[in-house]
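Asks: let's see this in three dimensions:
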Amino acid sequence: MFTTRLRYPSLLALAISTWACSHKDIPAPAPAPNTCSYTLDGRPATGTAKAIRNPAYHLLDATGDHPAELLTITCTSTTASTASPLLFSLSFIKFLPESDAAFRPLPSPGIDVLRHNPATGSAYTNYTLGVNLTLKTTSTGGFSGTFGGEYPATATSPRSAFVAGVFTDVHP
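Replies: Presented below is the predicted three-dimensional model:
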């Protein structure tokens, strides 16, 4: 009887292990087009995204004035802890007449959040520390990518960080 009791729990453990392993191969559903998701200060959020193209942009540097196109991805979302929407933008640039695959982050990249910044008095809070922006074109003509970055702590506001940001197949 002692060996019978040990055999059944072992079989149960084997069955559970086999079931768990077989379910690991089920892929997660792909995110819907024109969406964004991220974690801001430990709170996950999702929202809608839109691409805005400005083909009349100019980049001025020491070598002159260069015709360019500005691509701005805007995300509007609501976190679980607040009912007010958060609006922010990510900007990319390419020189004309380069293809869309040539879009890259602006020379000084940032995540521009539309909310009052008590440290500067501005309507925007610019997340510029450790910013990482990626962008690729999609087969449907949209843009997908990733983002993350921080805003440092100040005398009037705590440190804030975007982590694991993703935008998916965003179109104008």
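Asks: before we move on, what SS does Ser108 have?
Replies: What DSSP: H, G, I helix; E, B strand; the rest coil gives for Ser108 is coil.
Asks: ok, it - how many residues close by?
Replies: 8 (other CB atoms under 10 Å). From N, CA and C alone the C-beta is placed, and that goes for glycine too.
Asks: model confidence score at it, please.
Replies: As predicted, Ser108 sits at a pLDDT of 84.
Asks: give me the phi and psi for it.
Replies: Note on Ser108: its backbone torsions stand at phi -120, psi 90 [degrees, to the nearest 10].
Asks: hang on, it packs against Thr128?
Replies: Yes - with contacts counted by CB atoms under 8 Å, Ser108 reaches Thr128, the gap being 7.2 Å.
Asks: where do the helices sit along this structure?
Replies: All helices of the chain, identified by DSSP state H, fall at 2-23.
Asks: which ones are touching Asn132?
Replies: For Asn132, the contacting residues are 146-149, by CB atoms under 8 Å, 6 or more residues apart in numbering.
Asks: now with 10 Å?
Replies: Asn132 makes contacts with 105, 109, 111, 146-149, 162, 165, as judged by CB atoms under 10 Å, 6 or more residues apart in numbering.
Asks: buried ones among those residues?
Replies: Among the contacts of Asn132, those classed as buried by 16 or more other CB atoms under 10 Å are 105, 109, 111, 147-149, 162, 165.
Asks: those residues into TSV, with extra columns for distance to Ala56?
Replies: Shown next, in TSV, are the buried ones among the contacts of Asn132 (distance: CB to CB, whole Å):
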residue	distance to Ala56
Pro105	20
Pro109	21
Ile111	24
Phe147	25
Gly148	30
Gly149	27
Phe162	29
Gly165	28
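Asks: between these, which is closest to Pro31?
Replies: Gly165 (12.0 Å; CB to CB).
Asks: any idea how far the closest one is from Ser99?
Replies: From Gly165 over to Ser99 the distance is 25 Å, taken as CB to CB, to the nearest Å.
Asks: same question for Asn54.
Replies: As judged by CB to CB, Asn54 and Ser99 stand 17 Å apart.
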